[in-house]
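Undergrad: return a 3D structure for these sequence lines:
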Amino acid sequence: MATEGQVLVFNKDISKLRVREIPYYRRRVGVIFQDFLLLPQKTAFDNVAYALHIRGATLRQINSLVPEVLDWIGLSRKLKSYPTEMSGGEQQRLCIARAIVNKPDILLADEPTGNLDPDTSLEIMDLITRINDRGTTVLVATHDASIVNRFRRRTLVVRNGELVADRQEGGYLDAQEAGEHA
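TA: Prediction:
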């Protein structure tokens, strides 16, 4: 929770949302978790379908959208696979599919490459960049300077709960700036 100022999401101060408004706001936000939070007893298809089901999608919508999004992220051959039968990169792609199947306006990614090898991390960030290029606002929380510096997107640096830098051109703080804010 913000200790001062306002947090505006979709032009509304979220601290003033009514309880009944919260589910509607959540529908417009997708989340990618570092530790995936996939349902291990469900197939890839069912993990993604679950996100649609809880939103009230029809069976027809589910049967249309799930294969489409799994194909788009490169998992079309894994429809019937369980998370435990997938690599870490495939599990993260599945998490991404679940987060974007409802076509959110905002995508929050918490350390999306935290548990992945460097090559897979780049593939995941390329995918996230493609999502952003399609019009979704993406916020990625990461400590991986190489990812931040490679992708050169707007970078907000938060230290001890305080915004210490907002770099439109992207990239981590250089050593001198880091010393000024330490």
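Undergrad: give me every residue that touches His143.
TA: Glu111 (Cβ atoms under 8 Å, 6 or more residues apart in numbering). Any C-beta I mention is one placed from the backbone N, CA and C, and that applies to glycine too.
Undergrad: which SS class is it?
TA: At His143 the chain is in coil, as set by DSSP: H, G, I helix; E, B strand; the rest coil.
Undergrad: going forward can the numbers begin at 36, since that is how I track them
TA: Renumbered: residue one is now 36, and that last one reads His178.
Undergrad: check the gap between it and Arg112 for me.
TA: The gap separating His178 from Arg112 is 33 Å, by Cβ to Cβ, to the nearest Å.
Undergrad: what about stretch 85-98, distance to the chain center?
TA: Stretch 85-98 has its average C-alpha position 20 Å from the chain's average C-alpha position, going by Cα atoms, centre = their mean, to the nearest Å.
Undergrad: list the buried residues of the top helix by length along the chain.
TA: Longest helix in the chain by number of residues, with DSSP state H as the criterion: helix 153-168. By 16 or more other Cβ atoms under 10 Å, the buried positions in helix 153-168 come out as 155-160, 162-163, 166-167.
Undergrad: can I get these in a markdown table with pLDDT and distance to Val183?
TA: Putting the buried residues of helix 153-168 into a markdown table (pLDDT from 0 to 100; distance: Cβ to Cβ, whole Å) gives the following:
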| residue | pLDDT | distance to Val183 |
| --- | --- | --- |
| Thr155 | 93 | 17 |
| Ser156 | 92 | 12 |
| Leu157 | 93 | 13 |
| Glu158 | 94 | 17 |
| Ile159 | 95 | 14 |
| Met160 | 94 | 10 |
| Leu162 | 95 | 17 |
| Ile163 | 95 | 12 |
| Ile166 | 96 | 17 |
| Asn167 | 94 | 14 |
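Undergrad: list just the nearest of the residues you listed to Asn46.
TA: Set against Asn46, the nearest of the buried residues of helix 153-168 by Cβ to Cβ is Asn167 (20.4 Å).
Undergrad: cool, thanks, signing off.
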